[in-house]
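Trainee: okay, structure incoming, though there's no sequence with it:
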């Protein structure tokens, strides 16, 4: 009897410990998701504020960068002349169509170059000769959203850029510039996604910036807290069931 009682006591201790650990994990996961929810909501609000603010000139964007700030999705504008013969093409889909985003260097008044994502062209219109109306000449004013450069390839699953065929699978600003013969020290260190202002011939089609920030943290938090509540219910049921 003593041995059986001892074993029963050990099982009880282990069960309580296991329940305590499980409850702690479930509550921690729920709390973590709540914190992520607040972070995501703040991020979404910040992005909305950036993109709907009055456009900054390039000096304003560069000042933010110099302070270590985030320039992604900030409304911006630039003035210059396109180098249409130095287009770079980034493989993309837009509204269910396959094609390319056209990145064209814009020569600024100070002699530097800003790569502008002018927008989408379908696969069959990759070559500029097939859409000559949209090759804007002379001074241009471009409004849109600043986009931060990528420091490295997003994933090992992404193919290497094919500079020989002028097909970029990831936006490597350094290689885009080098492949056009532009000096690296003269290239502005971010991109500009042009807005949806129509161009002659309709191509490229601007306004392609996609802002997709899924926010399912509330559902996740409810799930973890719900599991914790269910566990508590099971434990209480077991306790009351054992009472004589």
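Mentor: Arrived safely, thanks for sending. No experiment lies behind these values; they were computed from the predicted model shown. Residues are numbered from 1 along each chain as shown.

Trainee: from here on, contacts and neighbour counts on C-alpha atoms
Mentor: Noted.

Trainee: hmm, who's touching stretch 46-57?
Mentor: Applying Cα atoms under 8 Å, 6 or more residues apart in numbering, the external contacts of stretch 46-57 come out as 73-78, 143-145.

Trainee: ignore what I typed, I meant stretch 156-172.
Mentor: Taking Cα under 8 Å, 6+ apart as the rule, stretch 156-172 contacts 88-91, 149-154, 179.

Trainee: which of these are buried?
Mentor: Among the contacts of stretch 156-172, the ones that count as buried by 16 or more other Cα atoms under 10 Å are 88-91, 149.

Trainee: nearest to residue 38, of those residues?
Mentor: Residue 38 has its nearest neighbour among those in residue 149, at 26.5 Å by Cα to Cα.

Trainee: pick out the most distant pair among the contacts of stretch 156-172.
Mentor: 154 and 179 (20.1 Å).

Trainee: okay but residue 142 is in contact with residue 194, surely?
Mentor: Yes: counting by Cα atoms under 8 Å, a contact exists between residue 142 and residue 194, whose distance comes to 6.3 Å.

Trainee: okay, those two: which has more neighbours?
Mentor: Using other Cα atoms under 10 Å, the more surrounded residue of residue 142 and residue 194 is residue 194, with 25 against 20.

Trainee: who touches that one in this structure?
Mentor: So residue 194 contacts 116-119, 142-145, 206-208 (Cα under 8 Å, 6+ apart).

Trainee: what strand or helix carries residue 219?
Mentor: helix 217-242 (DSSP states H and E).

Trainee: report all helices and strands that the strand or helix carrying residue 177 contacts.
Mentor: For residue 177, the element it lies in under DSSP H and E is helix 173-179. The elements that helix 173-179 packs onto, with contact taken as 3 or more Cα pairs under 8 Å, 6 or more residues apart in numbering; DSSP states H and E, are strand 187-194.

Trainee: let me know the average pLDDT across the strand it packs on.
Mentor: Mean pLDDT, computed over strand 187-194, is 94.

Trainee: pick out the most distant pair among the contacts of stretch 46-57.
Mentor: So, these by Cα to Cα: farthest apart are 73 and 78, at 14.7 Å.

Trainee: helices along this protein, start to end?
Mentor: Assigned helices in the chain, in chain order: 2-52, 58-66, 173-179, 217-242 (criterion: DSSP state H).

Trainee: closest to residue 22 out of the contacts of stretch 46-57?
Mentor: Among the contacts of stretch 46-57, and counting by Cα to Cα, the member closest to residue 22 is residue 73, at 41.2 Å.

Trainee: for the closest one, give its distance to residue 52.
Mentor: From residue 73 over to residue 52 the distance is 9 Å, taken as Cα to Cα, to the nearest Å.
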